[in-house]
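S.K.: Got a sequence here, can you build the structure:
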Amino acid sequence: MSDDAPSFVRGIFAGAIHDSLLFPFPAPLSDRDPDEAGTVRRLLSELDRMSHGLIDSARFDEEETIPEDVIRAIADAGFLGMSIPREYGGLGLSASAYSHVFGALSSLDPSLGVLVAVHCGLGSKAIVLFGTDAQKQRYLPVLARGDTLAAYALTEPETGSDAQNILSQAQQNSDGSWTLTGHKHWIGNGQRAGVIATFAQTPIERDGKMILRPTAFIIRPDMPGFEVARTIRKMGIRGSTQAELVYREMQVPADHVLGIVGKGFNVAVQVLNGGRMTLAAGCTHGTKRILGQMVEFAESRVQFGRPIADFEITQRKLAGTATDAYAADAMLAELAHLADLPGADYSLEAACCKVFASEMLWRAADEMVQIAGGRGFVKPYPYERTLRDARINRIFEGTNDVLRLFISLNGIRGPAEELKELGIALHRPLKNLGLLSEFAASRIAERFGATPTLDVELHERLQGHARHFEKHVQELKDGAERVIREYRSEVVDRQQELERLSDMAIEMFATACVLSRTQQLLVARGAEGCTHELALCDLFVVASGRRFRVSRSALLSAQDELRRTVARVVRDAGGYAVPSTILPVETLVTQDEGR
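M.R.: Sure, this is the predicted structure:
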C-alpha cells in the first residue's frame, strides 16, 4: 500500500470525507468480470452439492475434526487455491470474488471456514504477498492443489494482541541458516499444515546498535526441532484444529526467510488486513443464513394460536437482523473493492468491518436462540452450536477491544499532530498494540479543514440522510479534538474515550456504505423498484445515528472516573466488594474456610 494513500475512516476523524473511495458503489462482479463471475457460480454450485451429505456440521462438532475426505473434496473443487495466482495453479480470485465464495462456505460450516481462511487468507497469502519467486514456485502449487494445508503461526502464550513483542527468537548461523526457538499458541491448521508462515525476533543493526525486530519465515513440520505440543479443545468451531507449536532450536534454511529480515511486522500487518476482510465475509454471510433460520422457525412455531412471526417483538428481531446484514453487505463490498485497488490503504476499513460484522453475527446467533426458546439451548437443534461457533469471531484476527483502540488511535493521529507532545506520545501506545502499529506512522495526510460535505449526487430520497451524515462527521471531528485537548498526551490511556470515538467512526463508515449501495440501486431501478432496500436503508441510518449520538454524548463523561474507582475497589477486594444482605462477610469467609 502507498504511504500517502487516503483512507475514508482516517479522513472522517479530521472532518475530511473522501467520498470518491466509496462512491459510486462497486458494480456487480458479473458486470466487471464475467469470467470470474462464472468461476464464482461454479464454486457456489459445488458448495450446494457438498452441503447434501458431505459437509456435516453436527458431525464435525461432535467428532471435533473435519475428515480428510472433506478436505480432499474442497481441494479438488479449487477452494484451497482461491487466493493463489493462476500461474501457480490457483484460481487467482479477486478480493471481491474471494470474499463472496468464502462467505458462503463459512456460513455453511464455520469450522470449515476457519480451515480455509487460515489456508487461503493467511498462510498461502503471506507467500503470495511476500514470497520470492523460488518460494512461490516451490510452495504455492502444492498449496493450491491441497496436497497439504497452510498455517500462520504468530500468536504466543505470553503475547496475544501484543504481537510486536513476541518472544520467539531466531539466530543466524554461519552458513546463513537460522535457528528458531519459541512457542506458538492457537495456531489454526497447526497439527495438519505442511507449510507454515511464522515469526520470530531477529537481531538487526539500527543507528549503530543491535536491536530485535520480528522476521517472517516459512517453516515445515519436517524441519529438525519442530514439535506439535498439543491440540486445543474449544467451546465452538470444534471441527477446526488449533494447536500449540514448539520450536526447539529448529533449523530453518537461509532461503526460507519470508520478506526482509527485521520487516516481519509489515508481513503480519498486511496479511491480517486481508484476514479481517475474510472474517467479515464469513460473519456477514453467516448472519444472512441465521436470518433465514429465524424466519423458518418463527413461521412454523405457533404460540397463543398464532405463529410467533406475527408478534412484534419477533418482527423487531427479524427487521434488526436484516437491516444490519444490509449494512454489512455494503461494507464488505466496499472493503473488497478497496482491497482490489493497487496501493490502497484499507486497514482501518478492514478493522471497522471486522468489528461490525462479528458483533452483528453474535447478536443474530443470540436472537436465534431466544426465538427458538428451549430448542435453542439443546441438541440436536443447530442453534446452540451456531452460538458457540459465533463467539470466536470477536477474538479472531485482533480482538474487537484492541481493534477499537487501533481505529481511534490511528484516527486521531492527524489532528494530534497539531500538538507536538501528543504526536510523540502516540507512537508509544501504537507500538504497544503490537500488530496494530507502525503502518500508520508515516501516513497522516489529513488536517483540520472546512465543514465536511458529501460531494456526490444523491437521489432526493437520500439527501436527508446525507445531511445528517455530514453533521455527524463534523461532530466526530469536534469530539476527537475535544478529547485531545482535554487529555493531551494522557489520551493514550483514556480507552473509554477512544472506544467511543471508534464506535462513532464505525457507524459513519457503515452509514456511508449503506448510502452508496442504496444510491446505486436507486439509479438502476428507481424509487418504486427499491421499496424494500429503502426501508432497510432508513432503518439502519436512523438506528446508526442514534448509536452515534449515544457515544458522542458520553464523551468526557464524569462517570469514567467513577468506573475507574469502582474497578480499583473490586480489584483490591478480589471481586464483589459489597457485604452480603443475608450474612456478613466474616460469616461467609468462616463458612468457606470450614469446608
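
S.K.: would you say Thr181 is within a strand?
M.R.: Yes: according to DSSP: H, G, I helix; E, B strand; the rest coil, Thr181 belongs to a strand.

S.K.: ok, now which ones touch it?
M.R.: By C-beta atoms under 8 Å, 6 or more residues apart in numbering, Thr181 lies in contact with 168-170, 200, 247-250. Heads up, the C-betas are built off the backbone N, CA and C, glycines and all.

S.K.: so Lys125 makes contact with Asn273?
M.R.: No: in this structure, Lys125 is not within contact of Asn273 by C-beta atoms under 8 Å, at 10.0 Å.

S.K.: Now, of the contacts of Thr181, which are buried?
M.R.: Among those, those classed as buried by 16 or more other C-beta atoms under 10 Å are 168-170, 200, 247, 250.

S.K.: what two of the residues you listed have the greatest distance between them?
M.R.: Across the buried ones among the contacts of Thr181, no pair lies farther apart than Gln169 and Met250, at 11.2 Å, counting by C-beta to C-beta.

S.K.: Name the residues contacting each of the two.
M.R.: What both Gln169 and Met250 touch, as defined by C-beta under 8 Å, 6+ apart, is the set 180-181.

S.K.: would you list the contacts of Thr181 in a markdown table and tack on distance to Pro28, secondary structure and pLDDT?
M.R.: What follows is those, written out as a markdown table (distance: C-beta to C-beta, whole Å; DSSP: H, G, I helix; E, B strand; the rest coil; pLDDT from 0 to 100):
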| residue | distance to Pro28 | secondary structure | pLDDT |
| --- | --- | --- | --- |
| Ser168 | 45 | coil | 97 |
| Gln169 | 49 | strand | 97 |
| Ala170 | 46 | strand | 98 |
| Ala200 | 44 | strand | 98 |
| Tyr247 | 46 | strand | 98 |
| Arg248 | 52 | strand | 98 |
| Glu249 | 53 | strand | 98 |
| Met250 | 47 | strand | 98 |
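
S.K.: still on that earlier bit, can you put the buried ones among the contacts of Thr181 in TSV and add distance to Val514?
M.R.: Formatted as TSV, the buried ones among the contacts of Thr181 follow (distance: C-beta to C-beta, whole Å):
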residue	distance to Val514
Ser168	43
Gln169	47
Ala170	46
Ala200	43
Tyr247	46
Met250	49
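
S.K.: where along the stretch 51-200 of the chain do the helices fall?
M.R.: With DSSP state H, counting those that start in this stretch, the ranges of helices along the stretch 51-200 of the chain come out as 57-63, 68-77, 95-108, 110-116, 125-130, 133-145.

S.K.: residues making contact with the second one?
M.R.: When you say that, I think you mean helix 68-77. With C-beta under 8 Å, 6+ apart, helix 68-77 has contacts from 43, 46, 50, 54-55, 80-81, 105, 112, 115-116, 145-146, 149.

S.K.: and the direction of that helix versus that of helix 95-108, what angle?
M.R.: Going by axes from the mean of the first three to the mean of the last three C-alpha atoms, to 10 degrees, helix 68-77 is angled at 160 degrees with respect to helix 95-108.

S.K.: residues of helix 68-77 that come out buried?
M.R.: 70-71, 73-75, 77.

S.K.: Now do the domain split for the protein, please.
M.R.: Here the domain assignment for the chain is 1-25+266-487+502-550, 26-149, 151-265, based on automatic domain parsing.
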